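Visitor: predicted structure and sequence below. I'll ask about it afterward.
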Amino acid sequence: MVADGSSHVRTIRFVSVDDEGADRESRAFAPDGESFGEPTSVWTSWLQSQEHASFPREVTVIDPEAVSTPLGRQECRVYTVADGESVSRYWLAVARPGMPAKVETRVQGELTYTMTMIEDTIS
């Protein structure tokens with residue numbers, strides 16, 4: 001869900017991986033399953049991925065917390081990152097490294113963004 005109340009499903013698929021990084025394909029779909037255009041592809045190094053998931057220590061608090069998701073109950077480490085009037089929380093599942101199980105962002109206390117992993121498959 002985004003600030004205007006709309007929602008969509010975004011798929012992120014690792015098309016190819018090697019020792020240096022991965023090609024990821026992303027595509028968005030309306031709740032009825034209709035695609036929002038063509039998929040986009042980007043290559044990201046493993047270092048870039050690591051940096052993307054790093055947060056400044058001075059504004060980050062890490063706590064254990066379980067969260068219920070469509071994938072079931074996930075034992076997580078929740079990273080709460082406060083940046084001025086914005087507070088983001090990232091639920092990172094202990095047993096499922098990679099994408100967060102859930103993300104929420106609040107600005108001035110108002111929920112402006114939420115994401116929940118609904119499927120995790122290997123093909």
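Guide: That came through fine.
Visitor: what comes up buried for the longest strand seen in the chain?
Guide: Ranked by number of residues, the top strand in the chain under DSSP state E is strand 72-83. By neighbour count on 16 or more other Cβ atoms under 10 Å, the buried set for strand 72-83 is 74, 76, 78, 79, 80, 81. From N, CA and C alone the C-beta is placed, and that goes for glycine too.
Visitor: who does the helix or strand hosting residue 89 pair with, and is each partner parallel or antiparallel?
Guide: For residue 89, the host element (DSSP states H and E) is strand 86-93. Strand 86-93 pairs in its sheet with strand 72-83 (antiparallel), strand 102-107 (antiparallel), by DSSP bridges.
Visitor: out of those, nearest to residue 38?
Guide: Ranking the strands paired with strand 86-93 by their distance to residue 38 (criterion: Cβ to Cβ) puts strand 102-107 first, at 24.9 Å.
Visitor: please identify the buried residues of the strand holding residue 89?
Guide: By neighbour count with 16+ other Cβ under 10 Å, strand 86-93 contains the buried residues 87, 88, 89, 90, 91, 92, 93.
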